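> need a 3D model of the sequence below.
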Amino acid sequence: MKHLIVVAHPLIDSVTMKLAHSYALELETLGYTWAMHDLYRQGFDPVLGQNELEPSAESPSDVRAAQAAVSGCNALCVVYPLWWASMPAAS
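Numbers count the residues shown, from 1 in each chain. A predicted model of the protein is given here:
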């Protein structure tokens, strides 16, 4: 079974990052394969550009790669921090 771990936190030594890595280590112990997408270290830009809204627009390569990773996994785990009891929101 292939797991995809998507994690987002600006600090590499945060509890969020440690949780994602602990999850990955447990998956290895159980004999599962996994891949991790660390959105901060990948420089992922979550802002949707106007050109991406065009029907004929091709998705950026990083978006296509992320879509392929999600399509190719059997389990998806998203790990993100809770600030003030909620997920981060855009201002």
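
> show me the shaky parts of the protein.
Within the chain, the stretches with pLDDT under 70 are 86-91.

> ranges for the helices of it?
Assigned by DSSP state H, the helices in the chain fall at 15-29, 61-71.

> and these as TSV, adding distance to residue 41?
Glycine gets a C-beta too; all of them are placed from N, C-alpha and C. Formatted as TSV, those follow (distance: least, Cβ to Cβ, whole Å):
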stretch	distance to residue 41
helix 15-29	10
helix 61-71	13
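
> hey, which of these is tucked in deepest?
Greatest average neighbour count among the helices of the chain goes to helix 15-29 (a mean of 15), per mean count of other Cβ atoms under 10 Å.

> pull the CA atoms of it into CSV?
Provided in CSV are the C-alpha atoms of helix 15-29 (Å, rounded to 0.1, in the frame of the first residue of the first chain):
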residue,chain,number,x,y,z
VAL,A,15,5.6,19.3,16.1
THR,A,16,3.8,19.2,12.8
MET,A,17,6.9,18.1,10.9
LYS,A,18,7.9,15.6,13.7
LEU,A,19,4.4,14.1,13.5
ALA,A,20,4.7,13.6,9.7
HIS,A,21,8.1,12.0,10.0
SER,A,22,6.9,9.7,12.9
TYR,A,23,4.0,8.6,10.7
ALA,A,24,6.4,7.8,7.9
LEU,A,25,8.6,5.8,10.2
GLU,A,26,5.6,3.8,11.4
LEU,A,27,4.6,3.1,7.8
GLU,A,28,8.1,1.7,7.1
THR,A,29,7.8,-0.5,10.2
